[in-house]
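Participant: A structural model of the following input is requested.
(one chain, ligands or ions: 1)
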Amino acid sequence: MLTDKKIILGISGSIAVYKVADWIRALRRAGAEVQVVMTEAAARFVAPLTFAALSGNKVYEGMFDPNDAEQIPHINLAAGADLILIAPATAQTIARLAHGMADDLLSALVLANKSPVILCPAMNSNMYLNSATQNNLAQVREYGYRVVDPDSGSLACNTEGPGRLVDWSSAKEVIYSALSQQDLAGRKVLITAGPTREPLDPVRYLGNRSTGRMGFALATTAKRRGADVTLIAGPVTLPDPPGINVIRINTADEMAGEVLDRSQDMTVVVKAAAVSDFRPATYSANKLKKATAKSTLDLTSNQDILKTLGKKKLEGANPILVGFAAESHDFIKEGWRKLRDKNIDLLALNDITADDAGFAVETNRITLLDQDGTEEKFPLLSKEETADLIWNRVVDLLNK
Ligand SMILES: Cc1cc2nc3c(=O)[nH]c(=O)nc-3n(C[C@H](O)[C@H](O)[C@H](O)COP(=O)(O)O)c2cc1C
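Facilitator: The predicted structure follows:
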């Protein structure tokens, strides 16, 4: 997703320097070229050799490198950058940037640069909370630099509080947002994800194999593209994605309540959850006993949320509707039937007989159907890549 992007990783002198070694690997795995620039203090914590080996590039340490004098490094590095990420960002480096100083290579190249700048502060809590640092952070935000607030927790200096370098997962989202087209900016998007659980008694339930990964990937990628995202998730083990309003539910009935309450305010509703079509007809408040339980299960139908939304659309409701259908046979024919019956704008079809697509895997292979009769088959992709292609089609519909 970062193919051909040139990212300058500015590293300043915090005890957290060692943590960003792994970030370089993650950036390169995503296709980025990483150019490391270290402050003099940073090079005292971890040797530049580590970062040269991991990035596959020479590490720049100073403005006046006699081996590179003709390159004018602060100008040339800035000119080629798609993004500057400073992690960890020390109190000292933040102060330099807040005051527009250019007395080392990193601060000079930030001044000479026109691409997005992201700072990930890391320092002792008192240093972080000090008014001087807070004022400096407010100042760099005013310049348009993005600041990823540090985590709270136990710090290397044996204290507890804010100041810990964020995890890669949080930094990654800010990087991807900065490099994404903001074509969903200002759009309110509701996404459902995961299975539902229909209780039979206090310990047993009717469920399914959905892990929520496709819905979470849709939520994450929409957020990166600027959307205001609400995610309604069934019982899954995935953590809340940063910056997204997550509502956790259990049953299909709870899911229907949350979706129908909110759908009117939304620009787009994507139903990626695997909502149970049925629930046990009766719920036993006591655990059913082996000796006395019936050997058959009476079921009753749950509301078809997508169909209800499709009906509301016929009556003039707003949101663009995107549905998912998991089928095991005749799946294209079934897809067209569902698209028309339920009045859905876009339907993503999964063939669940494939081992590498659909439930409980990292990849997906979908076919997209729309109301104009277009049938588009996507190759096997990661769920994030699949989600981005779905958003491309949604953006086309929004611009129609
Ligand atoms: C062991 C040790 C750990 C340090 N950790 C941090 C830190 O996490 N954050 C910070 O802002 N400064 C930290 N400092 C202080 C900075 O290294 C110092 O302010 C330095 O001047 C920063 O320079 P730079 O911003 O040019 O890298 C630490 C210093 C030492 C000796």
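
Participant: What's the separation between G226 and the ligand?
Facilitator: 31 Å (C-beta to the nearest ligand atom, to the nearest Å). Bear in mind the C-beta positions are built from the backbone N, C-alpha and C, glycine included.

Participant: likewise M214?
Facilitator: Taking C-beta to the nearest ligand atom as the measure, M214 and the ligand are separated by 38 Å.

Participant: That residue belongs to a helix?
Facilitator: Yes. Assessed with DSSP: H, G, I helix; E, B strand; the rest coil, M214 lies in a helix.

Participant: you'd agree it is up against N364?
Facilitator: Yes. M214 lies in contact with N364 (C-beta atoms under 8 Å); the separation is 6.3 Å.

Participant: So for these two, which sits in the more crowded spot?
Facilitator: Applying other C-beta atoms under 10 Å to M214 and N364 shows that M214 carries more neighbours, namely 29 against 25.

Participant: List the contacts of the more buried one.
Facilitator: 193, 272, 324, 364, 383, 386-387 (C-beta atoms under 8 Å, 6 or more residues apart in numbering).

Participant: least confident pick among those residues?
Facilitator: Minimum pLDDT across the contacts of M214 is recorded for N364, with 80.

Participant: What's the separation between that one and Y283?
Facilitator: To Y283, N364 is 34 Å away according to C-beta to C-beta, to the nearest Å.

Participant: coming back round to it: mind checking which of the contacts of M214 are in helices?
Facilitator: Cross-referencing the contacts of M214 against helices under DSSP state H gives 383, 386-387.

Participant: Now do the domain split for the protein, please.
Facilitator: Domain ranges of the chain: 6-179, 188-283+297-399, per automatic domain parsing.

Participant: Just the endpoints, please. Distance across the longest one?
Facilitator: Distance between the boundary residues of domain 188-283+297-399 (C-alpha to C-alpha, to the nearest Å) amounts to 15 Å.

Participant: The domains of the chain: which one's closest to A291?
Facilitator: Closest to A291 of the domains of the chain, according to C-beta to C-beta: domain 188-283+297-399, at 14.5 Å.

Participant: Could you look up the next helix or strand downstream of the lowest-mean-pLDDT helix or strand in the chain?
Facilitator: Between all helices and strands in the chain, the lowest mean by mean pLDDT, DSSP states H and E belongs to strand 363-364, at a mean of 78. The helix or strand immediately downstream of strand 363-364 is strand 366-370, counting by DSSP states H and E.

Participant: who touches that following strand?
Facilitator: Applying C-beta under 8 Å, 6+ apart, the set of residues contacting strand 366-370 from outside is 331-332, 335-336, 339, 345-350, 357, 374-378, 386, 389-390, 393, 397.

Participant: where does this structure dip in pLDDT?
Facilitator: The model of the chain has pLDDT under 70 over residues 69-70, 354-361.

Participant: If we use 80, what do you get?
Facilitator: Scanning the chain for pLDDT under 80 picks out 1, 65-71, 156-158, 317, 327-329, 351-363.
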